[in-house]
Structures are given as structure tokens and as C-alpha cells.
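J.: no sequence for this one, just the structure:
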């Protein structure tokens, strides 16, 4: 996430947002005419379609990742050559609001939202260890009024919403990370041993889900969303230790990126996803999997972004049978050292071609599919 996240452990970079769609070096496709998708007025359960996955994107929604516009969605569709079934964006506890406007735009466009619901107060930048929304306070009920408000508005909205609460908790860059709440300190008398940091996160996560369900927001699809790599990379900080249980999770998710900054080396797709996909899927046998964030920067001196994207699209249907959606991180920013990180699909002509060819495959569903929702059903 631009400005808010460095996408990597132990790094501090002040990021300056660059929102010029026509920034130098970026390529655009020839105009295409496509029939607009119908708005999602009513919907049942979001279907998990056998042998298919939903295509999705986060699309340069500003420095707080929540300035969703219909123009941005339509422009990205023009770039990608395909309508998007899932649109990702952020919602912050610090704003104490429900993102009604963003949801209205996304569903008018004909997609389902993936909301990164972050327990984060201003200023929204990484590696800030103090925050108003501390996990113990959340778990003890201090913020129940806001949870109830948000969940009540979600219930009124009615349509399916994917929600990733407290994402990348196995890192050390967000103030809700287990790292800041006891980390790997063993809890006496637990067998197998449990650790203070992960257990506190689980307690807060369960409390949020319980409150939302008590408010009747059964249209929320809860996504458990760690980072692919854990920081620190120690046994106590493995993603399984943060898993709150099958009752509290509907979909499994991961963030998984290739190279994002000039000073870091190239990371092949084989290193980025397969082992971590197997790790998270080993936690529970039958939950669908969403690649909740994925992408790569344009660094031609290090490696070919186009080839990396082409390999990912080639392997998705073959090696990841539980993959049911993927959200590409389409963003460009300037780093503190004045270098650029360009993760946009059109960072080069070759990258855009690889993305368009990959997403054009019939494996990728361009619209959400719904099944009838019966009384008492949850998403």
C-alpha cells in the first residue's frame, strides 16, 4: 500500500504519492468498446466457482487508498482489457466512518469490494508503534460503538463484502502486529505453547467478528490476510499462530509481491507465492483462497516484469487450486531517495501486454457470480 506500507520488513521510506495517469514510461492500449456491466442491485451469496477465479485490482486510490472513483475503475478496465470482479480499497478506524460512497461506486460498476479494514489512527504511516486503536482495547470493548456502527451500515448495504481486518499482522510494520503486543513471549501453562502477540491479535479479531455478526452483518465475508513472509522470521510469528479459527474466517488471503524498491534484489515468482500458499492452506483444508494483494515493480536492470507477470498467470490455474480471486496492486510512487516504484500494469509496453494476455484467459471471471441466499445463510 502506497505511503501507508513499505511492502517489506524493517524498511522506512517516506513515500510521495504520484497520481499522474500519464506518467513517463507508462503505456496505454488502443481504445476498446465494451458493453457496461449491470450494477449489482441485489445479490445472494458470492459463489466459489470451480476451476475459475475472480480478477481484481487496487487502482491508485490516493495516499490513503480510499478515494475510489468510477473513472479510475473504468480507466483500469480500459488498460487491462477486462472488467474487474473485485475492487480493493482501505477503510480506517481513525475516520470512524463507514465507506458507503466507495461501496456504492464499486457496486454500481458491477464488482464486489475487498475492504482492507485497518484499526489505524492518524497519521497513517508504517513502523509507528503507538496508535489509538490498541489490540487490548479493541478486545475489551472500548471501540464497540464504532464496530457496531460499521457493521450496522454493512448490514443495511446488504450485498456481499469481502473484509480483511488487521492485515499482515505477522509483520512488524503495522501497529496491530503481534510483534508489539508481547511478540514471542510464551504464555505460561499452554500446551502446545501459545505466544502473547498472536494470541492478543486473535482475541481482538474474534471480538470484531463477533460484534459484527451480532449486529446482523452476515453479508461480510471475513478474510484472514497475513503477509507471505513473516517479520521477524521466527516460529512464534508464523501465520498459523494468528489464525483465529474456522468459525471466524471465510476466506484465506495473502499479500505477495515481487521486487518493489530499487535497492532490493529481484524476487522470482517461485519465491513469492508457492511455499506461502501451501503454508496458509495447511492451516485449514477447505477455505477458498484470495491473493488479496499481488504485484511487482518495473526494474529492468534486475529482471523482466513482463516475464514475472506471464509466469504468474501461467501458474495460477495449475499450481493453486484453491485460488478463487486475485487483486493486482496497480500503483506508482516516488520514494524518499527520489527513485520510483512503479507497480502499475502499464509501467512498460511489455508488462501491459503480459498482463492483458494473462487476464484475458477464460479462467478469470470478470464479474461476481452469486447463488441464492437462503434465510439464515452466512456468506
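T.: Done, it's in. Note that the structure is predicted; figures quoted are calculated from it, not measured. Residues are numbered from 1 along each chain as shown.

J.: so is the nearest residue to residue 347 once chain neighbours are set aside in a helix, a strand, or just coil?
T.: Of all residues not flanking residue 347 in the chain, residue 298 sits nearest, at 3.7 Å (Cβ to Cβ, 6 or more residues apart in numbering). C-beta here means a position set from N, CA and C on the backbone, and glycine is covered the same way. Here residue 298 is recorded as coil under DSSP: H, G, I helix; E, B strand; the rest coil.

J.: with residue 265 instead?
T.: Residue 265 - assigned by three-state DSSP - is coil.

J.: for the biggest helix by length in the chain, which helices and strands make contact with it?
T.: Ranked by residue count, the top helix of the chain under DSSP state H comes out as helix 196-214. Helix 196-214 is packed against helix 135-140, helix 144-157, strand 161-165, with contacts defined by 3 or more Cβ pairs under 8 Å, 6 or more residues apart in numbering; DSSP states H and E.

J.: run through who's touching that helix.
T.: By Cβ atoms under 8 Å, 6 or more residues apart in numbering, the surrounding residues in contact with helix 196-214 are 119, 135-136, 138-139, 141, 144, 147-148, 150-151, 154, 165-166, 169, 176-187, 220, 222, 236-237, 241-245, 248.

J.: which of these are buried?
T.: Burial by neighbour count, judged by 16 or more other Cβ atoms under 10 Å, picks out 119, 135, 138-139, 147, 150-151, 154, 165-166, 169, 176-184, 220, 222, 236-237, 241-244, 248 from these.

J.: just checking, the residue nearest to residue 347 touches residue 350?
T.: No. Using Cβ atoms under 8 Å, residue 298 is not in contact with residue 350, being 9.4 Å away.

J.: with neighbour numbers in mind, choose between these two.
T.: residue 298 (22 against 17; other Cβ atoms under 10 Å).

J.: tell me how far residue 221 lies from residue 187.
T.: 31 Å (Cβ to Cβ, to the nearest Å).

J.: who's in contact with the nearest residue to residue 65 once chain neighbours are set aside?
T.: Using Cβ to Cβ, 6+ apart and skipping residues adjacent in sequence, the residue nearest residue 65 is residue 90, 3.9 Å away. By Cβ under 8 Å, 6+ apart, the residues touching residue 90 are 1, 4, 61, 64-66, 115-118.

J.: how near is the residue nearest to the spatial centre of the chain to residue 193?
T.: Residue closest to the average C-alpha location in the chain (Cα atoms, centre = their mean): residue 292, at 3.5 Å. Computed as Cβ to Cβ, the residue 292 to residue 193 distance reads 29 Å.
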